[in-house]
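S.K.: This is the structure alone, sequence omitted:
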């Protein structure tokens, strides 16, 4: 089983890395770029045979993979065919 | 218009950050985690009224946002309703 986690800075939080990339893109031929926000992307491969995986993943997303004060996360489970 | 870009390390490239997160998850109650790979996630807001946006975004993904030697990228365009 595969899990995809996307961690993004909350809308109210400044993202200086995103602002730097926005300025670079505007100077490299894309003046129409209005904003860039940068987060983390994690692909997690999990053994299928254990129960309660999604709940424990949510708990680790909150405690380890994101900082809930300044970041949001999205967890998506992908089952292999 | 919004573009989402995911930059991931190529499969053949070592990902020490992912290995560290995998070990941490295994020690924090998820011994069934087999592998973790970590990449970047970018949300780019683009002005709708200009042409050729997607081609120029692809070109900037290659030149600025990813390192094609060690990373792959996926670009997905999202049109607002």
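M.R.: Noted; the coordinates are in hand. Treat the numbers as computed from the prediction; the structure is a model and nothing was measured.
S.K.: what comes into contact with stretch A:19-37?
M.R.: Contact with stretch A:19-37 is made by A:8-9, A:15, A:18, A:38, B:42-47, B:49-50, B:53, B:56-57, B:59-60, B:63-65, as judged by CB atoms under 8 Å, 6 or more residues apart in numbering or on different chains. Where C-beta positions appear, they are placed from N, C-alpha and C, glycine not excepted.
S.K.: hmm, try it at 10 Å
M.R.: Under the criterion CB atoms under 10 Å, 6 or more residues apart in numbering or on different chains, residues A:8-11, A:13, A:15, A:17-18, A:38, B:1-3, B:5, B:40-50, B:53, B:56-57, B:59-60, B:63-65 lie in contact with stretch A:19-37.
S.K.: ok, now which ones touch residue A:44?
M.R.: Contacts for residue A:44 (CB under 10 Å, 6+ apart) come out as A:1-5, A:53, A:57, A:60-61, A:65, A:75, A:77, B:18, B:21-22, B:25, B:30, B:33-38.
S.K.: What about those, which are in helices?
M.R.: Using DSSP state H, A:53, A:57, A:60, B:18, B:21, B:22, B:25 are the members of the contacts of residue A:44 that sit in helices.
S.K.: Redo those as JSON lines? Include pLDDT and distance to residue B:69.
M.R.: Output for the ones in helices among the contacts of residue A:44, formatted as JSON lines (pLDDT from 0 to 100; distance: CB to CB, whole Å):
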{"residue": "A:53", "pLDDT": "90", "distance to residue B:69": "34"}
{"residue": "A:57", "pLDDT": "94", "distance to residue B:69": "32"}
{"residue": "A:60", "pLDDT": "95", "distance to residue B:69": "31"}
{"residue": "B:18", "pLDDT": "96", "distance to residue B:69": "18"}
{"residue": "B:21", "pLDDT": "97", "distance to residue B:69": "23"}
{"residue": "B:22", "pLDDT": "97", "distance to residue B:69": "24"}
{"residue": "B:25", "pLDDT": "96", "distance to residue B:69": "28"}
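S.K.: Farthest-apart pair in the residues you listed, please.
M.R.: Farthest pair in the ones in helices among the contacts of residue A:44 (CB to CB) is A:53 and B:18. Separation: 18.3 Å.
S.K.: Per-residue pLDDT of residue A:65, please?
M.R.: Residue A:65 is assigned 96 on the pLDDT scale.
S.K.: list the contacts for it?
M.R.: Residues counted as contacts of residue A:65 (CB under 10 Å, 6+ apart) are A:5, A:7, A:40, A:42, A:44, A:57, A:71, A:73, A:75, B:21, B:24-25, B:36, B:38.
S.K.: Having no further points to raise, I will conclude here.
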